Each structure stands twice: as C-alpha cells, then as structure tokens.
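Engineer: Return atomic coordinates for the entry below.
(one chain, ligands or ions: 1)
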Amino acid sequence: MAAKLKKCLLCGKEQEQGLLILEHAICSSCEQKLVAAKCEAETYQEMLTRLYPLSRLILSKA
Ligand SMILES: [Zn+2]
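Structural biologist: Below you'll find the model as predicted:
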C-alpha cells in the first residue's frame, strides 16, 4: 500500500510526515507555528479560523 502524500491543511504543502487528523495533515512547520501562535493572539485567531472547518469535520464523524 503506497503512502499517499497528504496536503498540509494550513499551507497546502504536500508532505509525508507531520500531524495527521483524519484525512488531513498539518506539516511540522505549521505545527510549530500553531504552538508559537499560542503566544500571538492574532495569528492564533487566524489558525483557529482555518481549523474551524476541520473541527466541524471531526465533530461530524465523532
Ligand atoms: Zn503546513
């Protein structure tokens, strides 16, 4: 079974590794941005906005 490249949810960059959420991925650099963003309210809000569709997806599958 060939590994299918996932596209990062935040930057759209294809990558094999990183945080996988259902069929979505968050690459390590975006993951670091997410962690760093906790200190920067504005960026964090933007991330939350981007992640909102994903959280709805997760809830719909829960
Ligand atoms: Zn990314």
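Engineer: now for the host helix or strand of residue 32, which elements pack on it?
Structural biologist: Element membership for residue 32 (DSSP states H and E) is helix 28-37. When contacts are defined as 3 or more C-beta pairs under 8 Å, 6 or more residues apart in numbering; DSSP states H and E, helix 28-37 packs onto helix 41-61. In short, each C-beta sits where N, CA and C put it, glycine included.
Engineer: list the buried ones in the helix it packs on?
Structural biologist: Using 16 or more other C-beta atoms under 10 Å as the test for burial, helix 41-61 gives 47, 51.
Engineer: Select the helix or strand of this structure having the lowest average pLDDT value.
Structural biologist: Sorting the helices and strands of the chain by mean pLDDT, DSSP states H and E puts strand 19-21 at the bottom, at a mean of 65.
Engineer: State the next helix or strand along the chain beyond that one.
Structural biologist: As assigned by DSSP H and E, the chain's next helix or strand after strand 19-21 is strand 24-26.
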